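In: I'll drop the sequence and a predicted model, then ask my questions.
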Number of protein chains: 2
Amino acid sequence: MKIKPDILKQSGLSITESRKKILDLFLETDGALAHADIEKNTSSAFDRVTVYRTLQTFVEKGIIHQIPTTDNSILYALCKHNCEQGHHHDDHVHFICSNCDKTICLDEVTVPEVKLPKNFTKQQSAMVVTGICEDCK
Amino acid sequence: MKIKPDILKQSGLSITESRKKILDLFLETDGALAHADIEKNTSSAFDRVTVYRTLQTFVEKGIIHQIPTTDNSILYALCKHNCEQGHHHDDHVHFICSNCDKTICLDEVTVPEVKLPKNFTKQQSAMVVTGICEDCK
DNA sequence: CAATTTTTGCACTAACGTTGCAAATAGTTT
DNA sequence: AAACTATTTGCAACGTTAGTGCAAAAATTG
């Protein structure tokens, strides 16, 4: 596993308490986090605004990526592969457990290709599967 | 194409101005709508609350379905196939054009099956593809 | 360690979403 | 068609979520 300061340094970010703590949280968590989770779970409380800005920065730098949901929230998860600024290799399937509500990145499961209708050009594709996860089985 | 009052009647809903107007909007629009679009585009202005409740009702009755996004909003689109209450046959791919920002239901393109890791059980799956649509090509 | 740049937290504002309740509208019965 | 019942609407109020400007604090640079 990479070392936290390295991740920040490689992205050209200053190393601050909040960034380290939030990054920690992502590294510890095997799944996706919502903004609210982050506010609650970081021991030392940061300002909401700091959390917003940190997440925004991390997304811009390709450290984390966003996961689409239908419940009016955004989930964030670590990019495990090499994501450059703006270009995410975020091609794995996301799994949302309808029992424990956790969102898990299935890094081994690649989003399959689909044939689009004529004159449609693909840039990115995302896939979200809901069901029961291994822990809740 | 179905006739509006029929759709409402078949779902056991009273036929009201707002429901007809909002349903109209969906039938006219070849794509998905966000809550905000609906508030803006219905000629006679309804209360925000009415729009919320109407959308909620439509989802419950299987008239429309929700589309996941990463931008903290929910998109709604007509269910073109036979969706019963609670059981959506919403197994088609959604396409978001990064030029005109429209979301289009690719009814002909079915979400492919994926092999989940051991002990994961699938209930539903959704797929969102971004790119350039036929109109913007 | 001083100077410069970046980041943080606070105050304020704006938008979003939900609920209770009375008025209005739709459906039903005779 | 009128009276009755059930449903739906709009308003007001509330709470949560998200974003911005600016001064203070912390991090980086030399």
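Out: The structure has been received and is ready for your questions.

In: mind listing what the residue of chain A most remote from its centre touches?
Out: Relative to the C-alpha centroid of chain A, counting by C-alpha atoms, centre = their mean, A:Lys118 is the outermost residue, at 32.2 Å. Applying C-beta atoms under 8 Å, 6 or more residues apart in numbering or on different chains, one finds that A:Lys118 lies in contact with B:Glu134. Quick note: C-beta positions are derived from backbone N, CA and C, even for glycine.

In: That one in helix, strand or coil?
Out: Using DSSP: H, G, I helix; E, B strand; the rest coil, the three-state assignment for A:Lys118 comes out as coil.

In: Can you check the pLDDT for it?
Out: Note on A:Lys118: pLDDT of 92.

In: which phi and psi does it have?
Out: phi -50, psi 140 (degrees, to the nearest 10).

In: Show me what the helix or strand where A:Ser18 lies is packed up against.
Out: A:Ser18 belongs to helix A:17-28 when assigned by DSSP states H and E. Here helix A:17-28 touches helix A:4-10, helix A:35-41, helix A:48-61, strand A:75-78, going by 3 or more C-beta pairs under 8 Å, 6 or more residues apart in numbering or on different chains; DSSP states H and E.

In: do that again at 7 Å, thanks
Out: Using 3 or more C-beta pairs under 7 Å, 6 or more residues apart in numbering or on different chains; DSSP states H and E as the contact criterion, the elements in contact with helix A:17-28 are helix A:4-10, helix A:35-41, helix A:48-61.

In: So which residues on chain A come close to DNA strand D?
Out: For chain A, the residues in contact with DNA strand D (C-beta under 7 Å from any atom of the strand) are A:Ser14, A:Ile15, A:Thr16, A:Glu17, A:His35, A:Ala36, A:Arg48, A:Val49, A:Tyr52, A:Ser73, A:Ile74.
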